[in-house]
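>>> based on what follows, work out the 3D shape:
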Amino acid sequence: MEDDNSAFRQFLSEDMLDVLVKVGLIAVMVVMCFRIFAPFMNLLLWGLILAVALYPLQQRLAGGPEGRQGRSATVLVVGIILVLGTPTVMLASSFAGQIHEAYAAFSGNTVVVPPPNAEVAQWPIVGERLYAAWSAAAADLPAYLESLQPQLGQLSARLLSAAAGAMENVLFLFAALAIAGIMMAYGQSGGAATERILSKLTSRVHGPRLHKLTIATIRSVATGVIGVAFIQALLLGVGFAFAGIPLPGLLALIVMIVGILQLPALVISLPAIGYLWWAGDGTTHNLIWTVYLLVAGMADNVLKPLLLGRGVEAPMPVILIGALGGMIYSGIVGLFIGAVVLAVGYQLFMDWVNQPDPDVDAALSGDATATSQQEPAAPPA
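Take a look at the predicted model:
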């Protein structure tokens, strides 16, 4: 008995202390690593998402696993940056030129505002205020702008902040693409390492399955969310251009952003249809493009069920709910993280449910047998 007590005391005094020290050092190391990694987490996550989504295309350029991975990844990333960067620079340059022209016109007092129509005052809710403001601007624009100086200052500050944020997002995307190129160049070894990590965390059976499920979910969301938004923006952009809607390229870009945010594209196409009938060329022209813009604005209702969740073991509603919930929780990157987490959680739960249990299986089979015996026999014909 005394030997047992002494062994227990030794465990508490020496072994337990040794374990607590090791666990404490590991916890400190994990916290320090996380703090060092945290500033780059979003950038690396975006790079990983882009690498997984673009990896099949990169493999086609490389000619398979035996091809030149670094060169193909570089060509793909540089091509995407040029395709995205060229119109971005052109749009920014055009916007800056328009701002300069507007500033010069206001500074030289050469802007002429035509007087409003008397029918404007009859518009519901905003008619009288709009008519008064429009009349004041038409009578003396400099004095009217002087009266709006505080509001204009706040508006200009917000516009500058929004422009700076947009440029920051563009640079962030280019940096994520560069990191994705590095990840794609080492995609084979990185994929093998990820699979080994998942196997360590779960088992040799579930690790490869979860690895494949994660990759398939990211590509499914990229196709079903961003791909659908791009297709819909392209369809509506073509419609805006041929229907004579002003700024079709900018409207198409807004449609793509709206689609990524999982909002209906009709919020853009319906006002465009209203403008079409207000300033259209003829009834036939208006009717044709109204039908086209309505169909293109609702195309996501057909494309999402076809593309979202394709090739994934989890059902499409699980992927969609995960993408929406993740976006609400952590923005655009949450689209992918939420879908992956919910798909993996669903798969683990279903694996746990479907595990064979002799007692439960016997009870269920016994209930089924008793039910079949209690059913009355079919009457003779």
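>>> chain center to stretch 65-75, what's the gap?
On the basis of C-alpha atoms, centre = their mean, to the nearest Å, stretch 65-75 sits 27 Å off its chain's mean C-alpha point.
>>> alpha carbons only: can I get it in CSV?
C-alpha atoms of stretch 65-75 as CSV (Å, rounded to 0.1, in the frame of the first residue of the first chain):
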residue,chain,number,x,y,z
PRO,A,65,2.5,15.9,-63.6
GLU,A,66,5.7,15.3,-65.5
GLY,A,67,5.6,18.7,-67.2
ARG,A,68,7.3,21.9,-66.2
GLN,A,69,5.2,23.0,-63.2
GLY,A,70,7.0,26.3,-62.5
ARG,A,71,6.8,27.6,-66.0
SER,A,72,3.2,26.7,-66.5
ALA,A,73,2.2,28.3,-63.2
THR,A,74,4.1,31.4,-64.1
VAL,A,75,2.4,31.7,-67.5
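>>> and it, which residues are buried?
Gln69, Ser72, Ala73, Thr74 (16 or more other C-beta atoms under 10 Å). Using the backbone N, CA and C atoms, a C-beta is placed for each residue, glycine as well.
>>> so what touches the helix or strand that contains Leu236?
Per DSSP states H and E, Leu236 falls inside helix 228-243. Outside helix 228-243, the residues that touch it by C-beta atoms under 8 Å, 6 or more residues apart in numbering are 245, 248-249, 251-253, 255-260, 265, 268-269, 272, 276, 285, 289, 292-293, 296-297, 299-300, 303-304, 307-308.
>>> and the nearest residue to Leu177 once chain neighbours are set aside, how many neighbours?
The shortest distance from Leu177 to any non-neighbouring residue, by C-beta to C-beta, 6 or more residues apart in numbering, is to Val77 (5.1 Å). By the measure other C-beta atoms under 10 Å, the count of residues near Val77 is 23.
>>> residues in contact with Val77?
Leu177, Ala178, Ala180, Gly181.
>>> which of those residues ranks first by neighbour count?
Neighbour max across the contacts of Val77 (other C-beta under 10 Å) = Ala180, 26 neighbours.
>>> gap between the residue sitting nearest the centre point of the chain and Leu48?
Residue closest to the average C-alpha location in the chain (C-alpha atoms, centre = their mean): Ile332, at 3.9 Å. Between Ile332 and Leu48 the computed distance is 14 Å (C-beta to C-beta, to the nearest Å).
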